[in-house]
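> Give me a 3D structure for the following:
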Amino acid sequence: MWEVSAMEEDSPAESLSPLHGFGFEVKEVRLGRKLTQKHLAQGAGYSEAYVSRVEKGQLVPSERFARGCDLVFGTHGMFQRLRRRLEASDHPLWFVPYVQFERKAVRILDFSTGLIMGLLQIEDYARAVFRAANPRVPEDIIEGKVAARMRRREVLARAEPPNLWLIVHEAALRTEVGGRDVMAAQLEDLLRMAALPHVDLQVLPFAAGAPDGQMRPFTLLGMADGPTVLYADGPRGGRVWDVAAMVGAAADTYDRLRAHASSPDDSAAFVESLVKEYRS
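Now for the predicted structure:
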């Protein structure tokens, strides 16, 4: 369960986010029962702040909270079923908060080490990634995940897209995902994106060593009307952090990585050379 900062969101009724949908239903049933957030909090065994964040789609509800809602509302397992559907959605639960911030960000700074970041993956590349990670799931599940990943790219097609700065480790460019043709197509798409005025691309070559000492991927997302947040992967998924000290340390790390990475022009030339290798 990951908690994220409070921020303005679209109306849950109009959002496609399963997380918003769950919160919207909690609020609708609560108001229909003429209960306050305090009543629900006491009955479910949580704080009012927790209830508020769930209703706003800012917090992934726990299984215990879903059971508590069914107990308080007398809904006979409805909210437990809704939560199971939430778990079965195209984005894993731990990733939903990141997607919400990505939609709102005006500035994205990403450091990728093993794979091209999901926001910039083409269909065949994403399909190969999901198939490798889920070798036994049905094809329709894989295609649902691919479609969800492709929808994330819509933020880059907005009239005012976020400013995107990419530092990609050479390993991510040389890790052959989906075969040589897929890699060539993925890197060609990366070059097309890097040519846009709101996108900057730098490659961190093997020769640069480990400037941050850890070489773990992470993303910083800046909001127009809120704080910058940090997203980092972990052994059980990723998490969004808004702790100022952690975000500041990550920003310092990103500056060091930029200083050690190749220039945008040299980076583009290097990626072009890899496309020729994959095409040969």
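> Now find how far off-centre the helix or strand residue 165 falls within is within its chain.
In the assignment (DSSP states H and E), residue 165 maps to strand 163-169. What separates the centre of strand 163-169 from the centre of its chain is 15 Å, taken as CA atoms, centre = their mean, to the nearest Å.
> and the helix or strand that comes right after that strand, average pLDDT?
In the C-terminal direction, the helix or strand that comes right after strand 163-169 (DSSP H and E) is helix 170-174. Per-residue confidence for helix 170-174 averages out to 97 on the pLDDT scale.
> now do stretch 221-231
In this model, stretch 221-231 has an average pLDDT of 92.
> List the contacts of the strand holding residue 165.
Strand 163-169 is touched from outside by 106-114, 116-117, 119-120, 156, 190, 193-194, 198-204, 215, 254, 257-258, 261, 267, with contacts defined as CB atoms under 8 Å, 6 or more residues apart in numbering. Every residue, glycine included, has its C-beta placed from N, CA and C.
> out of the residues you listed, which are inside helices?
190, 193-194, 254, 257-258, 267 (DSSP state H).
> Out of those, flag the one nearest to residue 102.
Relative to residue 102, the closest of the ones in helices among the contacts of strand 163-169 is residue 193; by CB to CB it sits at 15.3 Å.
> residues in contact with that closest one?
Counted by CB under 8 Å, 6+ apart, residue 193 has contacts 120, 156, 164, 199, 201.
> so which pair among the residues you listed is furthest apart in space?
156 and 201 (13.5 Å).
> the more surrounded of those two?
Neighbours were tallied for residue 156 and for residue 201 using other CB atoms under 10 Å; the higher tally belongs to residue 201 (24 against 16).
> which stretches of this structure have low pLDDT?
Within the chain, the segments meeting pLDDT under 70 span 1-17, 87-94, 234-237.
> so where do the strands sit in the stretch 1-150 of the chain?
Under the criterion DSSP state E, counting those that start in this stretch, strands of the stretch 1-150 of the chain are mapped to 105-112.
> which residues of it fall in helices?
For the stretch 1-150 of the chain, the helices defined by DSSP state H, counting those that start in this stretch occupy 18-32, 37-44, 48-55, 63-73, 78-87, 96-104, 123-133, 139-152.
> of all those, which lies closest to residue 279?
Evaluated over these, closeness to residue 279 peaks at helix 123-133, with 15.0 Å, by CB to CB.
> returning to what we had before: make a ChimeraX selection of the buried ones in the contacts of strand 163-169.
Selecting just the buried residues from those in ChimeraX takes one command, with 16 or more other CB atoms under 10 Å as the test:
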select :108,109,110,111,112,113,116,117,119,120,156,190,193,194,199,200,201,202,203,204,254,257,258,261,267
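> re earlier: and the helices of the stretch 1-150 of the chain as TSV, adding distance to residue 221 and mean neighbour count?
As requested, the helices of the stretch 1-150 of the chain are exported to TSV (distance: least, CB to CB, whole Å; neighbours: other CB atoms under 10 Å):
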stretch	distance to residue 221	mean neighbour count
helix 18-32	17	19
helix 37-44	28	18
helix 48-55	18	20
helix 63-73	26	19
helix 78-87	22	16
helix 96-104	5	20
helix 123-133	20	18
helix 139-152	13	16
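> Would you mind confirming that residue 108 makes contact with residue 218?
No - applying CB atoms under 8 Å, one finds residue 108 not in contact with residue 218, separated by 11.4 Å.
> what is in contact with the two at once?
With contacts taken as CB under 8 Å, 6+ apart, not a single residue reaches both residue 108 and residue 218.
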